[in-house]
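Chemist: Fold the stuff below for me.
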Amino acid sequence: MDLVEYRDGVLHCEGVFLLKLAKRVKTPCYVYSASALTQNFQAFDTAMAQVPHLVCFAVKANANLSVLKLLAELGAGADVVSGGELFKALKAGIPASKIIYSGVGKTKEEIAYALKAGILMFNVESEAELHAICSQAKRLKKRAPISFRVNPDVDPQTHPYISTGLKKNKFGLPVEKAMELYEQAALWPEVELKGIDCHIGSQLTSLQPFLDAIDRLLFMLKRLHEKGISLQYVDVGGGLGIRYKDETPPTPQAYGAAICEKLASTGLTVIIEPGRAICGNAGGLLTKVIYVKDTGEKRFYIVDAAMNDLIRPSLYQAYHEIVPVRLPKTKKLVSANVVGPICESGDFLAKDRELPNLKAGDLLLVKSAGAYGFTMSSNYNARPRAAEVLIKDDGFQVVRKRETYSRLIQDERMA
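Modeler: Numbers count the residues shown, from 1 in each chain. Alright, predicted model coming up:
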């Protein structure tokens, strides 16, 4: 998590001591750094300065309204994949003219909502979706702005669950099918061809897969130009990774320089869709040790955060660094599993982790949890979801209240 360090033996972020924050807000809670979010967004924006560009934040990574509002004020657009994400992006102040709508399963209601809102464009992922968009555009007497999402069949060398650019994945269109649909759609009055798009996956730690995908887009752009089809935008997606443990992903500067070098000659506006790389290391999850359990075979630190709060370790076997909020008096470490209260053996935040000798009441920070943390959380085991806190200007504000038991049942009715 950027901008976090120990001061007087206690972890702090932007001048806010996390011990005091946890005492006020309770745990578990997500904490986000406004400074880190700002610096990370500006790093991408600056890196793309060589070309006309738009940085569209991937809302699926973190959909908190205050986070989106902060990014909107910095000039960000949004990449959304549902009607709910579109609603939140608009509510947070991101102009519709800066919103692109991706995703393979847009419903007719979501398509109509986006058309009425006046989004920048749809990233179309199938022929069936194209017909659905045309049908809604005709019904609403609007012209739908579209881009086709191309599946370039590039291996992103990432976890298979977050790989999206291979032929076996559900996303995008094969190159030849996309070419066929571009030629058809160019003749239809209900649509306006605006761009071309690809997104090959998430948590990429090498530039080469990005560059291979862009080469395929350039090949298609050349063919489209030969057929008299001109576009305004080239969307290269997102997916740049962050450091969770010992990864060495490219910097935004290196990423931007490589993209600009490839695409500057096209004269098109370049869209990028970073999500994790903006908010991942700008946030963490505060949790408290409830019990220490030693079976003789294994030591367990049972904490009040669980897989319903942060599912990445259970779902992806993902590593998150975990550190004590207060430095221990001794540097001695013990091997332990950090687990939650959920009634599943798969409920863990870390396994066989070298940690200080903790006791009940001690606070921990699960780092690099600003992306795909709260957005993937649930009410499994009827657990209220955690609070969210934004740290800004040496102060903090609760930007989402902790759920209560009554909120768990507010939409239920007993038959």
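Chemist: Does anything pack onto the longest strand seen in the chain? Which helices or strands?
Modeler: Ordering each strand of the chain by length in residues (DSSP state E) puts strand 283-294 first. Counting contacts by 3 or more C-beta pairs under 8 Å, 6 or more residues apart in numbering; DSSP states H and E, strand 283-294 packs against helix 18-25, strand 29-33, strand 299-303, strand 363-366. For the C-beta atoms, the positions are set from N, CA and C on the backbone; glycine is no exception.
Chemist: Looking at the ones you listed, which is nearest to residue 195?
Modeler: strand 29-33 (31.1 Å; C-beta to C-beta).
Chemist: one step back: from the helices and strands packed on strand 283-294, which stretch is densest packed?
Modeler: Per-stretch averages of neighbours, counted by mean count of other C-beta atoms under 10 Å, single out strand 29-33 among those, with a mean of 27.
Chemist: if we can go back for a sec, in JSON lines, list the helices and strands packed on strand 283-294 along with distance to residue 336 and mean pLDDT.
Modeler: Shown next, in JSON lines, are these (distance: least, C-beta to C-beta, whole Å; pLDDT from 0 to 100):
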{"stretch": "helix 18-25", "distance to residue 336": "20", "mean pLDDT": "97"}
{"stretch": "strand 29-33", "distance to residue 336": "22", "mean pLDDT": "98"}
{"stretch": "strand 299-303", "distance to residue 336": "4", "mean pLDDT": "98"}
{"stretch": "strand 363-366", "distance to residue 336": "11", "mean pLDDT": "98"}
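Chemist: closest to residue 288 out of the ones you listed?
Modeler: The nearest among the helices and strands packed on strand 283-294, by C-beta to C-beta, is strand 363-366 at 5.5 Å.
Chemist: which element follows the closest one toward the C-terminus?
Modeler: Toward the C-terminal end, the helix or strand that comes next after strand 363-366 (DSSP states H and E) is strand 387-392.
Chemist: That next one pairs with which strands, and in what direction?
Modeler: Strand partners for strand 387-392, identified by DSSP bridges, are recorded as strand 29-33 (parallel), strand 395-400 (antiparallel).
Chemist: could you say what helices and strands the longest helix along the chain packs with?
Modeler: Across the chain, the longest stretch assigned as helix under DSSP state H is helix 208-226. For helix 208-226, the packing partners by 3+ C-beta pairs under 8 Å, 6+ apart come out as helix 175-185, strand 191-197, helix 252-263.
Chemist: for the helix or strand containing residue 315, the distance to its chain's centre please.
Modeler: Secondary structure from DSSP H and E places residue 315 in helix 312-316. Distance of helix 312-316 from its chain centroid, counting by C-alpha atoms, centre = their mean, to the nearest Å, is 15 Å.
Chemist: Report the backbone C-alpha coordinates of it in PDB.
Modeler: The C-alpha coordinates for helix 312-316 follow below in PDB (Å, rounded to 0.1, in the frame of the first residue of the first chain):
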ATOM      1  CA  ARG A 312      -8.700 -13.200  -3.500                       C
ATOM      2  CA  PRO A 313      -6.600 -15.500  -1.400                       C
ATOM      3  CA  SER A 314      -9.200 -18.200  -1.500                       C
ATOM      4  CA  LEU A 315     -10.300 -17.800  -5.100                       C
ATOM      5  CA  TYR A 316      -7.000 -17.100  -6.800                       C
END
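Chemist: Begin at 308, not 1, for the rest of this chat.
Modeler: I'll keep to 308 as the first residue from here, and by that count the last item is helix 619-623.
Chemist: related to what we said a few turns ago, run through who's touching whichever helix or strand comes after the longest helix of the chain.
Modeler: Tracing the chain C-terminally past helix 515-533 and defining elements by DSSP H and E, one meets strand 540-542 next. By C-beta atoms under 8 Å, 6 or more residues apart in numbering, the residues outside strand 540-542 that reach it are 361, 407, 427-428, 430, 454, 501-506, 524, 528, 570, 573, 575-580.
Chemist: quick revisit: mind checking which of the helices and strands packed on helix 515-533 is nearest residue 331?
Modeler: With C-beta to C-beta, the closest approach to residue 331 among the helices and strands packed on helix 515-533 belongs to helix 559-570: 33.7 Å.
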